[in-house]
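S.K.: Quick one: sequence plus predicted model below, questions after.
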Amino acid sequence: MTEQAEHKTTVLVVDDDRLLRRQLHWALVERHRVLEAETRPDAVDLLRRERVDVVICDLHLPPDLTGIEEGLAVVEAARGERPAVPVVVITGSDNKQAALEAVRRGAYGFFQKPFDEEEVSHIVAQAARVRCLESEVLKLRSELKMHRGFGRFVGTSAALEHTLKQARAVADTSATVLITGDNGTGKEVLARAIHEESARSDRPFVAVSCAALPESLIESELFGHVKGAFTDAKSDRVGRFGLADGGTLFLDEIGELQPSVQVKLLRVLQERVIERVGSNQPVKVDIRLIAATNRDLEQAVKDGRFREDLFYRLNVVPLRMPALRERREDIPLLATHFAAKAAEKHDRPPAALDPALADALQEYDWPGNVRELENLIERLVVLTQGARLGVEFLPEKMHRSAPSPSAAAACDETTLEGATLALRRRMVVGALQAEGGNRVAAARRLGISRSYLHRLITELSITGV
């Protein structure tokens, strides 16, 4: 098929009159790819098998040539496609009412017999344009959805899926959520995803870093103030709770809140009422609260640094974002994703990951987690001139963390090479089982390189671990 033919829109002509089908074929074939069907079942079959852009359909089809139900059934079948395929119906000059009924039931338009070729060509072109625009809208919506909600997350590891499964279950409720995890793991990304998958998604998502707020102004920032409440209060101010009314308030680093503010936050969670600084007038707020911390709040409670009653109010649904070292199998996917993102940002051509770089990334422990990985990949994209990202621009600490080939070989010989085949197989299977199938961790446990472990798994026919 030629390139020109591939870009032609496809028109399906449905009519039991072979002569009329031929007339429409020759009227349309120069600009369109034309398919033909004689009955409703034939038309439905073609709709399922072919990418049809427009249907032209006679309302009177066999076996009931006096009624219009067979023709309307074609209209319904075309509407069931995503996006819907526009149907232009054919009617006799004495039966315009039937055509209007078909339009009411979802047909795009109609023309009468005997038809004018230019009129038919025009209405088909218009219908095809509508189909094209609706396809673009669906595509854009799909792409947008991929970057919203839980589509924000890249990875398939068991550790990540465990957290996302719980998050999906709680997203469409009003339950308070406490997200824990190290810095850089994506706690705010998870909070935003929960909001975007909830019934509040069309309302505000307001994020606040409790550690970044000055102690003297934290109450004003959270709850607002009235004019004259303090020296610089020259006008009324709506706090973050007020801004988030109807939506979601995300309090990051909540473990940094001072005891006096903890008391007021507890009251808000209990009564859903705030009082602005300088006012004793209660203001009702409708918010869904999501809090996050990298601290051990239970230990903070034991140490007297965090109120126990507030902790239990926050800890209704606890979610933990796993550290990147706990989801090493996701690292190549994340690195590829960040590389594409950085290439677009800096107007660089797309670059693939060299296998040596992928190995080095998986060997490193990532104290800065996903944020550290994203920053590193952006640096590599900026510094690399070729079409492949390699290890030459890795920081020295990452070179030190990866075992050298000679050290790995020596370790291989002393650890596994002296064992019998049966014992070697048991050692590899045992390491894989102990690490839950994580090959990077299993290689580290055995003291060998990941590439050598892959070779052993193949040579020893190890499956299902």
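M.R.: Cool, the structure landed.

S.K.: Quick check, central residue of this protein?
M.R.: The chain has G151 as the residue nearest its centroid, 1.2 Å off, counting by CA atoms, centre = their mean.

S.K.: Next, work out how far apart that one and G106 are.
M.R.: Remark: distance between G151 and G106 (CB to CB, to the nearest Å) = 31 Å. C-beta coordinates here come from the backbone N, C-alpha and C atoms, glycine included.

S.K.: do G92 as well
M.R.: 21 Å.

S.K.: Do a quick rundown of the strands in the stretch 351-465 of the chain.
M.R.: Using DSSP state E, counting those that start in this stretch, the strands of the stretch 351-465 of the chain run over 352-353, 388-389.

S.K.: ditto for the chain
M.R.: Using DSSP state E, the strands of the chain run over 9-14, 32-37, 54-58, 87-92, 109-113, 177-180, 205-209, 248-252, 273-275, 282-284, 288-293, 317-320, 352-353, 388-389.

S.K.: Please save the CA atoms from the second one in PDB.
M.R.: Yep, that's strand 32-37 we're talking about. C-alpha atoms of strand 32-37 as PDB (Å, rounded to 0.1, in the frame of the first residue of the first chain):
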ATOM      1  CA  HIS A  32     -11.000   7.900   0.300                       C
ATOM      2  CA  ARG A  33     -10.500   4.200   0.800                       C
ATOM      3  CA  VAL A  34     -14.000   2.700   0.200                       C
ATOM      4  CA  LEU A  35     -15.300  -0.500   1.800                       C
ATOM      5  CA  GLU A  36     -18.700  -2.000   1.000                       C
ATOM      6  CA  ALA A  37     -21.300  -4.000   2.900                       C
END
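
S.K.: can you give me the mean pLDDT across it?
M.R.: Here strand 32-37 scores 94 as its mean pLDDT.

S.K.: Quick check: neighbours of it in the sheet, parallel or antiparallel?
M.R.: Strand 32-37 has the following strand partners under DSSP bridges: strand 9-14 (parallel).

S.K.: Please list the residues outside the partner strand that contact it.
M.R.: The contact list for strand 9-14, computed with CB atoms under 8 Å, 6 or more residues apart in numbering, reads 21, 24-25, 28, 31-40, 42-43, 46-47, 50-58, 61, 71, 74, 124, 128, 131-132.

S.K.: For PyMOL, what selects the buried ones among the residues you listed?
M.R.: Selection of buried members from the contacts of strand 9-14 for PyMOL, criterion 16 or more other CB atoms under 10 Å:
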select buried, resi 21+24+28+32+33+34+35+36+37+38+39+40+42+43+46+47+52+53+54+55+56+57+58+61+71+74+124+128+131
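
S.K.: For the residue lying closest to A434 once chain neighbours are set aside, list the residues it contacts.
M.R.: Distances taken as CB to CB, 6 or more residues apart in numbering place R445 nearest to A434, at 6.5 Å, with adjacent residues excluded. By CB under 8 Å, 6+ apart, the contact list for R445 reads A431, A434, E435.

S.K.: got JSON lines for the strands of the chain, with distance to Q258 too?
M.R.: Formatted as JSON lines, those follow (distance: least, CB to CB, whole Å):
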{"stretch": "strand 9-14", "distance to Q258": "66"}
{"stretch": "strand 32-37", "distance to Q258": "71"}
{"stretch": "strand 54-58", "distance to Q258": "66"}
{"stretch": "strand 87-92", "distance to Q258": "66"}
{"stretch": "strand 109-113", "distance to Q258": "68"}
{"stretch": "strand 177-180", "distance to Q258": "19"}
{"stretch": "strand 205-209", "distance to Q258": "14"}
{"stretch": "strand 248-252", "distance to Q258": "13"}
{"stretch": "strand 273-275", "distance to Q258": "17"}
{"stretch": "strand 282-284", "distance to Q258": "22"}
{"stretch": "strand 288-293", "distance to Q258": "15"}
{"stretch": "strand 317-320", "distance to Q258": "23"}
{"stretch": "strand 352-353", "distance to Q258": "45"}
{"stretch": "strand 388-389", "distance to Q258": "45"}
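
S.K.: how deep is L249 tucked in, by neighbour count?
M.R.: Counted with other CB atoms under 10 Å, residues neighbouring L249 total 26.

S.K.: Run the chain-centre distance for stretch 248-263.
M.R.: Relative to the chain's own centre, stretch 248-263 is displaced by 29 Å; criterion: CA atoms, centre = their mean, to the nearest Å.

S.K.: Okay, buried residues for it please.
M.R.: Neighbour-count burial for stretch 248-263 [16+ other CB under 10 Å]: T248, L249, F250, L251, D252, E253, I254, G255, E256, L257, V261, Q262.

S.K.: Report the contact partners of the closest residue to the fourth one other than its chain neighbours.
M.R.: Looking back up the chat, that one is L251. Distances taken as CB to CB, 6+ apart put A291 closest to L251, at 4.6 Å, once the chain neighbours are dropped. For A291, the contacting residues are T176, V177, L178, I179, F250, L251, D252, I254, L314, by CB under 8 Å, 6+ apart.

S.K.: Please apply the same query to L394.
M.R.: Listed by CB under 8 Å, 6+ apart, the contact set of L394 reads L357, A360, L376, L380.

S.K.: Please report the distance of it from S451.
M.R.: 18 Å.

S.K.: repeat for L249
M.R.: Separation of L249 from S451 (CB to CB): 48 Å.

S.K.: for R388, same thing?
M.R.: For R388, the distance to S451 equals 18 Å [CB to CB].

S.K.: And the two? Which one has more around it.
M.R.: Taking neighbours as other CB under 10 Å, R388 and S451 compare with S451 leading, 14 against 11.

S.K.: Quick check: E118 vs Q433, distance?
M.R.: On the measure of CB to CB, E118 and Q433 end up 74 Å apart.

S.K.: again, but for T336
M.R.: 29 Å.

S.K.: The two - which one has more neighbours?
M.R.: T336 (18 against 11).

S.K.: Model confidence for the residue nearest to the more buried one when sequence neighbours are not counted, exactly?
M.R.: In space, and not counting its chain neighbours, T336 is closest to L353: 6.1 Å by CB to CB, 6+ apart. L353 carries a pLDDT score of 86 in this model.
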